[in-house]
Each structure stands twice: as structure tokens, then as C-alpha cells.
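Enquirer: Structure for the following, please:
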Amino acid sequence: MRISILALDGLFDTGLSVTLDTFLVANALSKRMMGGTPRFDVSVVGVRKRVRSRHGLAVPVQGIVARPKPDWVVVPALATSMPDELVESLERPDVRDARAQLLAWQQAGVRLAASCLGTFILAETGLLDGLEATTNWGLAPLFRQRYPNVRLDESRMLVPTRLGVTAGAAMGHLDLALWLVRTVSPELATLVSRYLLADIRSSQAAYIIPNHLAQADPLIQRFEQWSRKNLRSGFSLQDAASALATSTRSLQRRCQDVLGKSPLAYFQDLRVEHAQALIRAGTLDLESIAAEVGYGDGATLRSLLRQRLGRGVRELRTDLL
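Expert: Residues are numbered from 1 along each chain as shown. This next block holds a predicted model:
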């Protein structure tokens with residue numbers, strides 16, 4: 001498989017290095033342990049002759065026209081967590097040139113992959129319109145606002161589509177690289193995963209911090225504060241809207257626009273988050289924890305945790321996340 005990694009100024013150092021290292025290990029293990037030849041021809045290409053990472057390290061890039069057409073192009077993240085800084089970066093001339101090159105690759109039949117904030121660059125092309133995608137969960141409200149035609153589900157770690165694949169936040173670069181290895185050889189991907197002590201994760205829901213998402217909008221921030229005070233008593237849309245001096249329709253619409261979910265779904269997210277904290281503290285039994293977050297019994301809470309997080313109570317008690 002021929003893979004080109006599209007490097008831009010200010011990229012996330014770890015995202016680039018972990019992607020390169022995954023394919024390096026895959027090629028080494030393919031040769032040494034499977035008796036084969038290297039399976040991946042990886043190059044780092046750029047729309048500029050000189051590229052520096054966010055930490056100021058020079059990234060050696062090859063010219064795009066000097067390389068054969070790749071099978072896949074991977075877009076690593078730009079290194080920022082600030083919405084204003086990201087929006088400004090998306091307007092840079094080199095990023096505009098990268099968008100044009102991605103369109104040209106797609107028209108030539110190349111499949112496209114992006115992780116973390118690299119998904120914003122891919123979304124800027126319009127190629128994700130009408131498709132499912134995931135992104136850095138911390139900037140999901142901005143993604144949803146900027147690309148309303150993309151069917152975003154930031155709870156997922158990997159979302160394959162006919163275009164290619166998108167991956168979640170930060171270390172989602174590793175999940176993406178392992179996924180690409182798996183498309184060539186599931187057996188090789190298993191070896192690489194064991195060698196790197198890493199597995200492909202299906203979800204990033206367990207990592208999402210609801211309070212962080214609420215900061216994207218003043219009304220949602222006040223709704224989050226109201227919700228935390230009312231976890232035990234339960235959810236009432238009318239009570240929430242009245243307390244926030246808004247209409248139920250406005251609250252529903254704002255939650256959908258910013259969070260991509262209903263007020264009740266966000267309220268349940270906060271219940272799950274608080275339940276996780278209580279479970280890991282280990283001072284209450286499950287029935288008491290269920291009561292603390294407004295559920296009638298532990299079985300209901302146990303089912304919700306498994307559904308939302310893909311983890312059981314026993315796993316959460318020993319989880320070091």
C-alpha cells in the first residue's frame with residue numbers, strides 16, 4: 001500500500017510521529033515475523049518546500065508531483081485546542097492549497113484519511129458533506145457549526161466511509177494507522193498492536209468531558225450547571241427551560257446545534273460522568289450510586305454505562321483513565 005502523509009506547518013508532532021512509527025513497525029514485523037516484504041511505502045509530502053511542526057522541528061517533505069499516485073493520503077492534525085486559532089489556520093494559503101490537492105487526489109481515485117483536527121481540513125473541501133465523520137471531541141461544537149452538512153458523531157473513534165476514514169482526538173492518529181494496517185492484514189495489525197501495546201478503540205465516548213463542551217455556548221453552559229444541581233431529582237425540559245429563562249424549543253434547538261443531541265441526552269451524559277467518578281472512588285455500592293444520579297436501581301445504571309461507554313462497572317473500578 002502506498003501512503004502519503006500530507007504535512008502542513010504547525011502540525012501536531014505526536015500525530016505525525018506515531019503515524020510514521022506505526023507503519024515503520026508494521027514493515028519491520030511483516031519482514032521479520034511473517035516472512036514477507038514491507039507492506040507500506042510511506043512518504044511525507046507537502047504543498048510547501050519547507051514545513052515545521054508546532055514545536056518548530058523541520059519536517060522533511062517531498063514534492064507531491066515527484067511521487068507516484070498514492071493509494072491513501074493521511075491528513076494529520078494541526079496542533080491547537082483553541083477554536084479561534086484553528087479557524088485562522090484554516091484560512092492560511094498553504095491550507096487552501098492543501099484543500100485543492102485533496103480534491104485533486106480524490107478525483108484521481110485516492111482514498112482520504114484524517115485524524116483529530118486534520119478532519120477539519122478534510123471537511124473544508126466539502127468532500128465530507130452528506131457523510132458520517134468523527135473528529136476531536138473537544139472541538140465538536142465548532143465542527144458541527146462550521147460543517148452542518150456532515151453527519152458528525154464525535155463519540156466514535158473511527159468512521160469509515162466511501163471517501164476513506166476519519167478518526168478522533170489526539171491519539172486517534174494511532175487508531176487510524178492501525179486501522180490502515182488492518183485493511184492490508186488483520187494478522188499484521190494484531191502483531192503491531194501487541195508490539196506497541198495499543199489496540200484500535202471503537203469509541204472515544206469515555207474520554208469526553210461534558211463540561212468542556214458546554215463552554216462553547218453561554219446557554220448550554222447554564223444548562224450544564226442547572227443539570228448538575230438536578231441529577232438526583234431527574235430531568236424536566238420545562239423546568240430546565242424555566243430556570244434558564246428560555247423556551248423549551250430554544251433549549252432543544254441550541255443543544256442540537258451545539259452538542260448534536262437533545263437536552264435529555266446531554267443530561268444523561270452528565271449522569272454517566274458523575275456515576276463514573278463515584279464508581280472509581282469506590283466508596284458507594286452500585287445501588288447508592290444509581291440513586292445519586294437519579295436512577296431507580298443499579299441494573300438500569302449498569303446497562304446505561306455499558307451502552308454509553310462500552311465498559312462494565314468492574315472495568316470502570318480498575319480503569320486508570
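Enquirer: For the stretch 101-250 of the chain, which segments count as strands?
Expert: 111-115, 132-133, 151-152, 158-160, 164-167 (DSSP state E, counting those that start in this stretch).
Enquirer: how about these in a markdown table, adding mean pLDDT, mean neighbour count and distance to Arg253?
Expert: Glycine gets a C-beta too; all of them are placed from N, C-alpha and C. Below are those laid out as a markdown table (pLDDT from 0 to 100; neighbours: other Cβ atoms under 10 Å; distance: least, Cβ to Cβ, whole Å):
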| stretch | mean pLDDT | mean neighbour count | distance to Arg253 |
| --- | --- | --- | --- |
| strand 111-115 | 98 | 27 | 29 |
| strand 132-133 | 98 | 19 | 22 |
| strand 151-152 | 97 | 19 | 17 |
| strand 158-160 | 97 | 19 | 25 |
| strand 164-167 | 98 | 28 | 26 |
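Enquirer: Mind putting those strands into CSV with distance to Gly282?
Expert: Listed next are those as CSV, based on distance: least, Cβ to Cβ, whole Å:
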stretch, distance to Gly282
strand 111-115, 35
strand 132-133, 38
strand 151-152, 35
strand 158-160, 32
strand 164-167, 33
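Enquirer: Which helix or strand in the protein has the lowest average pLDDT?
Expert: helix 313-318 (a mean of 78; mean pLDDT, DSSP states H and E).
Enquirer: From the chain's centre, how far out is that one? Work that out for me.
Expert: Relative to its chain's centre, helix 313-318 lies at 23 Å (Cα atoms, centre = their mean, to the nearest Å).
Enquirer: which residues touch that helix?
Expert: 276, 279-280, 282, 286, 302, 305, 309 (Cβ atoms under 8 Å, 6 or more residues apart in numbering).
Enquirer: where does the nearest residue to Asn136 once chain neighbours are set aside fall, phi/psi-wise?
Expert: Among residues not flanking Asn136 along the chain, Ala169 sits closest, at 4.0 Å (Cβ to Cβ, 6 or more residues apart in numbering). Backbone geometry at Ala169, expressed as degrees, to the nearest 10, gives phi -70, psi 150.
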